[in-house]
Each structure stands twice: as structure tokens, then as C-alpha cells.
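1. Pasting the sequence and the predicted coordinates here, then a few questions.
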Protein chains: 2
Amino acid sequence: MSMSFYTADSLKAELHERGWRLTPQREIILDIFQNLAAGKHLSAEELCELLHKEGHDISLSTIYRTVKLMARMGILRELELAEDHKHYEINQPHHHHHHLICVRCNQTIEFKNDSVLKIGDKTSKKEGYHLLDCQLTIHAVCPACQRSILPV
Amino acid sequence: MSMSFYTADSLKAELHERGWRLTPQREIILDIFQNLAAGKHLSAEELCELLHKEGHDISLSTIYRTVKLMARMGILRELELAEDHKHYEINQPHHHHHHLICVRCNQTIEFKNDSVLKIGDKTSKKEGYHLLDCQLTIHAVCPACQRSILPV
DNA sequence: ATTTAAAAGAGAGTTATTCTCAATAAGCTT
DNA sequence: AAGCTTATTGAGAATAACTCTCTTTTAAAT
Ligand SMILES: [Zn+2]
Ligand SMILES: [Zn+2]
Ligand SMILES: [Zn+2]
Ligand SMILES: [Zn+2]
């Protein structure tokens, strides 16, 4: 499992292995995710705003391309939460957690569970796959929504 | 956990509890999913084609509305596989499985693991949530893609 | 049979994401 | 240090999954 700490240098090395390049944009985006509070995830749009606020004008195209690239490298986790767009967060053991989502109000609780990663490790090894990330997603109805009579 | 076997009658009863109705369309769509081979999932478009082939002209609007409704009732599982659209499958204990996805070629392997459901049960109970479904999704690189030099 | 509101159908509308292509620049070569 | 090759960026158009709107139909209660 990757899930190691990436520096600009290790990112550069891994990119160069495949004939790719380290650009200032990629370095800045990695930096953003590494300094994000634990349990915080960003959509592409949110990342764009945050970058803008910090004085970095990176185009949306590049942002979409970069988070996809980093997810496929195992540097970021691509999360399908309740909303209609993806979220990204850094993929590191001490951040590793899972999501309990209310299907009615979309409230999301994060939780940790060590055996999930073990199952992911075992399963991918058994099939000869190289593990990048594993996520347990629980769909449920939260206490408040159970009490409400509102539709669905 | 719901995950029980639904008949037209039990679906009707559960819909009526909330002031909703059992329509022929809903009955037919439930039937399709219950007779699908184990481990088979359908996108909205695929479901539409299949219905058409069997002589049922149900509109895409209704299909989208129905699968969403049934997922929120816990009858169907909503899966985020590798492609850019959702898949649905029946939510029943003897079908319950998880997905190992190659992020490069999108090949997907299904696997069973009993402890995942236990973790989902325990976690949702602890938070007072009513469990509908839990899915372990593993992102990884398959053996063939590990060997290939192709990009990403 | 009548009534009421939920649901279906048709098609327009929305929006997250990808694609295209010209311009730029990373990093290798000399 | 300058030049070269080609990966990458930026801007905006294109795509497509999904939702919304509104009229018509119909489930099911009375
Ligand atoms: Zn999270
Ligand atoms: Zn809720
Ligand atoms: Zn499946
Ligand atoms: Zn593969």
C-alpha cells in the first residue's frame, strides 16, 4: 500500500519514473491537501476557491486533471459522498477513515476501523492487485430523519 | 438491517405506510432486479434497454426516480463503480458483496466478506443510524495494468 | 362511481466533468 | 546556457448523467 508521506521530491521522483513532470501547479495542490485538517475533504470547485484565496490561479481544467492523476497514483482518495460531485482528501494511514452517510439529509459521520484496511490488504493481495485505497461506505438513516415524517 | 426479500405485496405495504403507491412500473422494476443473476448490476440506461427488450416501455424519468427511491428504501444498493454513472443491484444478504476496482482499466472483481457487514451494523447502531447498506470499495491496480507501461 | 393527490411521461434544463487545441514550460541534450 | 522535445496548462466548448417542470394519467381511499 502506498499511503506514505509525499514530499515535492518524492512526487517528482514518482512522476519522472513514468516520464511525467513536476509542475508548480501539482506541487501547490499536493501542499494544499497535506496541510488540510484531518477529516476535511475538498471538491474540485472548493479546491479552486481555496487556491484562489491563497493567491494561486490554477485553472479548473488543471485541477480536475491533477486530482484524478493523484487519485490514480494513490496520493489522494476519491470519495463519493452524498452530494453530486466527488471529494478528495490525502491518502495517509493516520488520516484513514470511513463514512456513514444519511441517505435522506446527507449528514456524514467519519469513523475509523482498523480491520477495514486489513481486509482491503488481504483481498487485493489475494487477487494480485496493488492496493491504492479502500473505503467502507455505510448508507443509513440518521436518528433525526428516522423521527421525521418527511418524504423518502 | 432491511435486506429482506421483497414481494409486490411487501413493497406495496411499505409504500402505503408512507402514503405512496404501488404502480405497475415499480412492480416491474423490482421484478427485474430480483431476477437478475447474482453479481449483475444495471445502470439506469441498461435497465431502460432491458425493460424495452421485455416489452415494458417505462420512461427514463420514471426509471431514475424509481431506482433512487428504492435505494433510499434499502431495496436496492447504489454502486459507484469505475464508470461515470451509477449502478444498481438488489440488496439482499445472499447477494451481499463488495468491489475491487482497477483504477486504470476499470476491471472489477466482486468478493464476499462477512465481517464488513458486521462492522457496518456495529457502527450504525452505535450512532443510532438505521442501516440500509454498506459497501467496501477497494481501488487498486490489477496485475495486467501493473505490467503495462501505458500512462496513468 | 367520485375524488384526490401521487406518479408517469416528455422534454427542457442543469451541472459536474471531459475534451480540444493553441500556447507554455519542464527538464533532457548538447 | 541555449535549444529542443513533448508533457502540461488554460480557456472554453462539448458531453452526458441526472434532475426539474408541467401536463396527463391513475392508484386507491371514500
Ligand atoms: Zn472523510
Ligand atoms: Zn438524516
Ligand atoms: Zn456488484
Ligand atoms: Zn487494470
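-> Cool, got the structure. Ligands and ions are numbered 1, 2, ... in the order given.

2. which residues in chain A form helices?
-> Ranges of helices in chain A, per DSSP state H, are A:8-17, A:24-34, A:44-53, A:60-73, A:114-127, A:143-147.

3. between the ones you listed, which gets nearest to residue B:37?
-> Smallest distance to residue B:37 across the helices of chain A (Cβ to Cβ): 21.2 Å, for helix A:114-127. The way it works is simple: take the backbone N, C-alpha and C, and place the C-beta from them, glycine included.

4. which secondary structure elements does that closest one contact?
-> strand A:130-141, strand B:98-102, helix B:114-127, strand B:130-141 (3 or more Cβ pairs under 8 Å, 6 or more residues apart in numbering or on different chains; DSSP states H and E).

5. what comes up buried for stretch A:37-57?
-> Of the residues in stretch A:37-57, A:41-44, A:47-48, A:51 count as buried by neighbour count, 16 or more other Cβ atoms under 10 Å in any protein chain shown.

6. again with stretch A:128-143
-> A:129-142.

7. Which one of those is nearest to ligand 4?
-> residue A:129 (8.4 Å; Cβ to the ion).

8. tell me the contacts of the closest residue to the closest one other than its chain neighbours?
-> Setting aside the residues directly before and after it, residue A:129 is nearest to residue B:140 in space (Cβ to Cβ, 6 or more residues apart in numbering or on different chains), at 3.8 Å. Going by Cβ atoms under 8 Å, 6 or more residues apart in numbering or on different chains, residue B:140 touches A:124, A:129-132, B:100-103.

9. out of these, who's near ligand 4?
-> Residues of the contacts of residue B:140 in contact with ligand 4 (Cβ under 5 Å from the ion): residue B:102.

10. about what we covered before: the residue nearest to residue A:129 and residue B:127, how far apart?
-> Distance, residue B:140 to residue B:127, by Cβ to Cβ, to the nearest Å: 29 Å.

11. likewise residue A:146?
-> 12 Å.

12. what does residue A:33 give?
-> Taking Cβ to Cβ, one finds residue A:33 at 27 Å from residue B:127.

13. So between those two, which is more surrounded?
-> residue A:33 (23 against 15; other Cβ atoms under 10 Å in any protein chain shown).

14. who's in contact with that one?
-> Residues near residue A:33 by Cβ under 8 Å, 6+ apart: A:42, A:70, A:75-76, A:88-90.

15. and if we set it to 10 Å?
-> Going by Cβ atoms under 10 Å, 6 or more residues apart in numbering or on different chains, residue A:33 touches A:6, A:40-42, A:47, A:67, A:70, A:75-77, A:88-92, A:95.
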